[in-house]
Every structure is written in C-alpha cells, then in structure tokens.
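> Fold the following, please.
(one chain, ligands or ions: 2)
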Amino acid sequence: MSSIPLSTILVYYGAVINPETLTSYSALPRALMALDPGGYIAWIEPDVRPELVRETIQKKLSEIQVPASNEVYVALTELEDGEFILPGFVDTHTHAPQVPNMGSEQIDHSGQQYELLDWLENVTFPMESRFKDVEFAKKVYPGIVQRFIDCGTTTCCYFGSIHLESTKVLADAILKQGQRALVGKCNMNQNSPVHYCEPSVASSINATKELISYIRSLKSDRVLPIVTPRFAISCTGELLHGLGDMLKADNTLAVQTHVSENKSEVEFTKSLFPECASYTDVYEKHGLLDERTILAHAVLLEDEEMTLIKKRGAGISHCPTSNFNLRSGMAKVGEMLDRGIKVVGLGTDVSGGFTPSILTAIQHASICSKMVAVQFAATAATTQPTSDSHSQFANKQLPLATLLYLATMGGASLCCMTDKIGSFAPGKSFDALLVSGRPETKNPAMWSLPDDFMESSNRGNHYDGEKARRRLDEMLERFFFGGDDRNILRVFVQGNCIGGTALHSLAEERNLLDS
Ligand SMILES: Nc1nc2[nH]cnc2c(=O)[nH]1
Ligand SMILES: [Zn+2]
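Ligands and ions are numbered 1, 2, ... in the order given. A predicted model of the protein is given here:
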C-alpha cells in the first residue's frame, strides 16, 4: 500500500467525471485536481489548457498560503489519453463471509436453484458458520476485502457472520488494507440452525457492543461499526428492541438489515410479528427505522411501507444481481426515486449476487429498470401509453447519470457520508478510481471508439470541448456496460492507492526486482 509523504501535494491533470444530481454529472476532459497531504481534495479547476497547468498550480498554491517553513513537493500526474478519474463506488450491502460461496450452490451444482429461505438454510448458513474458526477468518478475509477493493469499491457496508472474533478480523483487514467501511456482526437468535444461532438476547447484544467498542478502539474514521440484525425472521422482538435501544442511546450508530426481499420471507415475517402492519413496520416498531437505516432489497414493498420509509428518511440498497439470481423479483427503484426516498444506493449482496463488482450491479440495475418498464407496458391497458408519462423515473429505464449517482452519491447518502465521499469537491476525501479504456487493458469494449472521438482527445491546439465531453460520456457508458476490473487501474481511498490492476503490476515488478 502506498501513502503520501506528509509534505507532498498530489495534482492530477486529465479527464474527470463528477456526479452532481440524480440526472446530471459533469464531464471534465481537462480538469486539474489537487489533494492536500491528508488525502482531502484541496481544489479543482474544471478546465485548464495544457500550457497553463504549471502556472495554475503555482497560483493555487499561493492562494492556499502554504507556510514558508513547509517545504512542499508537488507531484503532478498527467492522465493518458483514454483514462479518466471517477469517484469510488459505494457498495451499500454485501456479506463478506459469503464470498467463498460466490457462484456456487454447493449441493448438487444444478445452477443456482434456490430461492431465499432455502438458499440461506442449505448454502449460506453452512458457509457462514465456518467463521467460528478465527484462523479461517484470518486466512480468507484479507483476500476477500482486496477483491472488493479491486472491483472499485472504496466504501463498503459489510455484514460479517454472527461471530465476534472473526468480525474483528474482518475490521482489522479492512483497516490494514485501507478501504472505507461500515462493519457489523449479524444478530441472530431465532429461526436459525442450532450451530449458527446466538444463545440469548443478552449474548447477542453484548457481542454487538463489544464489536462496536473494538472497532472504535481502532481509532479510524474510515472503519466504523454498524448494528446488523440479519432480518426480522432471525431476531426475536426482544432482541430487535434491545438493538433499537442501542441506536436510541447513540446517534452516531447506523443499522443495516434486509427488508421485503422474497414472497415467502415476507409472509413468514408477517406471521412472526402479527402486531406489525407490515414488514417495514417491524423495524419501525422496534426503533430501527430512521435516517441511519440501510434496508437491503425492498423488492416487494407495499405502498404504505414506501411512505413510512420516506417519512423516516431511511435508505434502500438496491441489489439487482441478487434479486435476479435468487429469483426474488424486481425492485421498483424508479418509483422510490420519484417518491423522494432518501436516495437509493447499489449493493452486490454477495453471494446472493454472484460477484463483488458494483459494475455488475450497475448493469443489472439498468436491466431491472428496463424490465420494470416492459412489465408496465405489458400490463397497462392497451389504451394506455406504453411508458409512464406522469413519472420522472418510475417505469422507465434509468439513465446513465442516475446509475452513476446511485453507485456513488446515492451510496454516500445511505452511509450518511455525503460530506466526505460520493463526488469530488474541495474538503471531500479523494476516494476515487483511475479508469482506463486504453488498449493495454485488453478490453476492446472500451478502446474501439470511432476515430473522430480519438482525435478530440488532444487537450491543446485542436481541442474541441464539446467533442471531448461527448467522448467522455461515451467512455463512461462503455465502462459501465463493457468495462470490468481490468479497466480499474488504481483505487484510491483518502488519497492512498490501495488497489487496482496498476497497483498489482507495480507489486509484481517489485517482486521481480527483489528476487
Ligand atoms: N440476500 C440475502 N438475504 C438475506 N436475508 C437474510 N439474510 C440474507 C442474506 O444473507 N442474503
Ligand atoms: Zn444480504
């Protein structure tokens, strides 16, 4: 892992994509962005001609009045043609101890055949229960965390297993490897296998408190604890109440759980909590629903549940890969956005979702929105228009800008971190991806652009701003729909490069030199 010497100001010159709203982003083909030694963005100049780069840096440095006694080094990195910088992805829902199951259902290899509840029982709980063995956790968690990082996830909301010690190991790995994260251990004290169930409310609450103290003792503002009742089915009302009380007593704590993912799950939940008006109301009644709440899935929400979620300011993590794979259904993300639900983020939900890549979640979020639109058109009476002309997002395909927003700012919003991450602005942390569409990445989907786009890349004399911006739009779309981790050269958190293919090739070069 590389870190910035204290007195160095890093400056990047080249193409930057910066999300703005649900429907807009800025595409800046020749921006200049400087980081202070702490990895915060010091300033951004949106459009600088190549011959003015050094002059602009001098001027900016004099404006921020670096004390004369401080020797300041400026390290300028000029992006190559075909490269751009993008805010890092936020994965708002995933399960670290399920990564060893990714792509496998283990029983008879008949091809991802289970729906949620059977899948939990037959595939997921057996794997998670292996994390009782702390040595196993130590062996696998570092590689798991690095895999998420290399997919471009700079901030991740992790579910651990029920085990305190192994979840500490997960937090240690995240801290060491430099990712930003919320980390929780699952609370489960009912409807779970005997070997994978906490023995009492008190033991579940105490272990949760101990994990919170442990993570806070790491004294990192990057790795934070999050309360993690697995879902209503696996927690008694008393346990949910106890966790709600913890949140009431500490307004810096966040909570993550699952909601309304699958038909049988919703029915079972309602049968367990008949006093509650809906699945979401279970969380409401137990003090677990407010603006610090991240609810994964929300595929089958009833009308009143959407209203309640909006009222409480809770956020939704849309996990389309998992929803397709476990045959859960299609979340109505467009409708949620129209209702102004505290923006939606994206989640990989490994291993319900079979990849840790938010790029895949982006692709599937797009497909999900298209299929919701197709279904709307098919079910609307033939006299109705085939698209929903009264809505902005509902029953329509999500545009590129919206997908970008969900993967970055939407996620930041769910994590209550919009002041820190999700986009580029002075004072925010430099959590970013250096993306390349160049031929060396060996991904023709990104470099086979038409020649006239290639010509517009010249930042100097023949620069055509409009063409260069259109080319960046095109590159972003190609990255989202044809890109993969080969195209993510570097992954930065708080200015430190912690992953990406370029990091690995550097490490390999070093190893070669060492040997
Ligand atoms: N997708 C998914 N849904 C859940 N509901 C409760 N636990 C889980 C889980 O591990 N994955
Ligand atoms: Zn999940």
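> okay, CA-based contacts and neighbour counts for the rest of this
Fine.
> quick one: stretch 210-230 to chain centroid distance?
Here the centre of stretch 210-230 is set off from its chain's centre by 18 Å, with C-alpha atoms, centre = their mean, to the nearest Å.
> Show me what that stretch is in contact with.
Residues from elsewhere that reach stretch 210-230 (C-alpha atoms under 8 Å, 6 or more residues apart in numbering): 159, 164, 167-168, 171, 174-175, 179-188, 208, 235, 240, 243, 253-258.
> Can you narrow these down to the ones near ligand 1?
Among those, the residues that sit close to ligand 1 (C-alpha under 6 Å from any ligand atom) are His258.
> Now, the contacts of stretch 210-230 that are in strands?
159, 180-184, 186-187, 254-258 (DSSP state E).
> of these, closest to ligand 1?
Using C-alpha to the nearest ligand atom, His258 is the member of these that sits closest to ligand 1, with 5.5 Å.
> Can you name the residue of the stretch 351-500 of the chain nearest ligand 1?
Closest residue of the stretch 351-500 of the chain to ligand 1, C-alpha to the nearest ligand atom: Gly352 (4.9 Å).
> From what I see, that residue and Leu326 are in contact.
Yes. Between Gly352 and Leu326 there is a contact under C-alpha atoms under 8 Å: 6.4 Å.
> Between the two, point out the one with more neighbours.
More neighbours surround Gly352 than the other of Gly352 and Leu326, with 30 against 21 (other C-alpha atoms under 10 Å).
> what about that one, distance to Gln146?
19 Å (C-alpha to C-alpha, to the nearest Å).
> and the chain, which residues reach ligand 1?
So far as C-alpha under 6 Å from any ligand atom goes, the chain lies against ligand 1 at Arg230, Phe231, His258, Asp349, Gly352.
> Can you give me the distance of the second one to Leu10?
What it means is Phe231. Distance, Phe231 to Leu10, by C-alpha to C-alpha: 44 Å.
> The residue of the stretch 351-500 of the chain closest to ligand 1 - nearest residue in space that isn't next to it in sequence?
Spatial nearest neighbour of Gly352, excluding adjacent residues (C-alpha to C-alpha, 6 or more residues apart in numbering): Ser322 at 4.5 Å.
> can you list contacts of whatever helix or strand Asp118 lives in?
Element membership of Asp118 [criterion: DSSP states H and E] is helix 116-119. By C-alpha under 8 Å, 6+ apart, the surrounding residues in contact with helix 116-119 are Glu105, Asn262, Ser264, Glu265, Leu326, Ser328.
> Adding pLDDT and secondary structure, write those residues out as a markdown table.
Shown next, in a markdown table, are the contacts of helix 116-119 (pLDDT from 0 to 100; DSSP: H, G, I helix; E, B strand; the rest coil):
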| residue | pLDDT | secondary structure |
| --- | --- | --- |
| Glu105 | 67 | coil |
| Asn262 | 98 | coil |
| Ser264 | 98 | helix |
| Glu265 | 98 | helix |
| Leu326 | 95 | coil |
| Ser328 | 97 | coil |
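> Buried among the residues you listed? Need that as a selection in ChimeraX.
Buried residues within the contacts of helix 116-119, by 16 or more other C-alpha atoms under 10 Å, are selected in ChimeraX with:
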select :105,262,265,326,328
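> Please dump the contacts of helix 116-119 into TSV; it should also carry distance to Asp221 for every row.
Putting the contacts of helix 116-119 into TSV (distance: C-alpha to C-alpha, whole Å) gives the following:
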residue	distance to Asp221
Glu105	37
Asn262	35
Ser264	39
Glu265	36
Leu326	35
Ser328	35
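> Just name the closest of the contacts of helix 116-119 to Leu301, please.
Leu301 has its nearest neighbour among those in Asn262, at 10.2 Å by C-alpha to C-alpha.
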